[in-house]
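In: I'd like to go over a predicted model; first the sequence, then the structure.
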Amino acid sequence: MRDLLALSLLAVVAVSSGLNEELELRQLLLSRPERMVRPVSAYNDSTNIIVGLMTTDVEVDERRNTATVSGWLHIEWESPALAWTDFPAADDVSRTRLPLSEMWSPDLLPYNMVPSAGAEWLRVTPVVIWPGGRVLVVPMVTFTVRCSRTVTDDSDQLSCPIKIGSWTHSVEELDLQPTADTVDVSNMAANGAWKVASSSVVREAKMYDCCPEEYVSLNIELVLRPQRC
């Protein structure tokens with residue numbers, strides 16, 4: 001009985017120690033004001049953001065030729081202000097989490113999404129951080145885009161462009177790189193009326209009338225075809 005009690009106390013101490021280490025780490029990270037600004041060594045440096053789209057469902061409005069895309073967005077970057085390799089008290093913490101509201105994050109938007117009153121296209125989720133300052137957030141997303149339809153005697157196809165980029169940062173401040181040259185459809189619902197027949201992801205740097213700098217976007221195209229029963 002004494003041995004069992006001793007083991008239980010040791011387990012509680014071990015768990016408490018681990019919690020305290022992560023608590024100390026969280027307090028350390030939140031005490032760094034630089035976590036709230038773009039993570040660069042110098043203002044003129046560009047922050048590299050890795051972005052990928054994973055779709056789980058596509059609902060087509062055939063009357064309006066629109067597609068509502070649901071899934072997850074993979075957003076990843078490096079932030080030296082959130083690294084803790086020089087904090088021995090957290091040596092055993094392999095990763096931790098913080099609210100997205102407690103740090104800088106890229107202001108990404110689908111440029112061409114169809115406006116929807118009161119609807120949020122992105123649901124904020126906690127951020128995962130690794131000791132070296134790698135930051136990853138995978139929020140749920142739902143948005144609607146307009147598509148072009150091609151109908152022939154033997155086929156029906158929708159081409160749906162999605163243009164995702166920063167709303168305020170030029171390429172001199174923020175660059176985008178895709179996780180892959182296609183959209184991840186491995187978790188697509190198998191019982192939908194439409195399926196993703198093919199997809200592509202292309203990085204584009206473009207200048208707009210508003211500004212003298214180029215802005216980077218990821219131009220995604222989903223090609224949809226009717227799901228055959």
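Out: Nice, I can see it.
In: Tell me which stretches of the protein form strands.
Out: Ranges of strands in the chain, per DSSP state E, are 47-61, 66-78, 96-98, 108-110, 122-123, 127-129, 134-137, 140-146, 148-151, 156-166, 174-178, 194-207, 214-226.
In: Which of those strands has the lowest mean pLDDT?
Out: Lowest mean pLDDT of these: strand 148-151, a mean of 88.
In: Could you give the separation of it from the chain centroid?
Out: How far strand 148-151 lies from its chain's middle: 30 Å, per CA atoms, centre = their mean, to the nearest Å.
In: Okay, now the sheet partners of it, with direction.
Out: As defined by DSSP bridges, the strand partners of strand 148-151 come to strand 156-166 (antiparallel).
In: The partner strand: how far from the chain's middle?
Out: With CA atoms, centre = their mean, you get 17 Å for strand 156-166.
In: Could you do stretch 101-114 as well?
Out: Relative to its chain's centre, stretch 101-114 lies at 9 Å (CA atoms, centre = their mean).
In: CA atoms only for it, dumped as PDB, please.
Out: Output in PDB follows, covering the C-alpha atoms of stretch 101-114 (Å, rounded to 0.1, in the frame of the first residue of the first chain):
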ATOM      1  CA  SER A 101      -4.700  36.500 -30.900                       C
ATOM      2  CA  GLU A 102      -1.500  36.600 -28.800                       C
ATOM      3  CA  MET A 103       0.900  36.900 -31.700                       C
ATOM      4  CA  TRP A 104       1.500  38.300 -35.200                       C
ATOM      5  CA  SER A 105      -0.100  36.300 -38.000                       C
ATOM      6  CA  PRO A 106      -0.300  36.800 -41.800                       C
ATOM      7  CA  ASP A 107      -3.500  38.700 -43.000                       C
ATOM      8  CA  LEU A 108      -4.500  36.100 -45.600                       C
ATOM      9  CA  LEU A 109      -7.800  36.300 -47.500                       C
ATOM     10  CA  PRO A 110      -9.400  34.800 -50.500                       C
ATOM     11  CA  TYR A 111      -9.400  37.900 -52.800                       C
ATOM     12  CA  ASN A 112     -12.300  36.600 -54.900                       C
ATOM     13  CA  MET A 113     -14.600  35.000 -52.400                       C
ATOM     14  CA  VAL A 114     -18.300  35.900 -52.700                       C
END
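In: how about that stretch: buried residues?
Out: Neighbour counts over stretch 101-114 (16 or more other CB atoms under 10 Å) mark Met103, Trp104, Ser105, Pro106, Leu108, Leu109, Pro110, Asn112, Met113 as buried. No exception for glycine: its C-beta is placed from N, CA and C like everyone else's.
In: a markdown table please, covering those residues and showing distance to Asp92.
Out: A markdown table is the format used below for the buried residues of stretch 101-114 (distance: CB to CB, whole Å):
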| residue | distance to Asp92 |
| --- | --- |
| Met103 | 23 |
| Trp104 | 27 |
| Ser105 | 27 |
| Pro106 | 31 |
| Leu108 | 34 |
| Leu109 | 39 |
| Pro110 | 40 |
| Asn112 | 46 |
| Met113 | 43 |
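In: Right, I'll leave it there.
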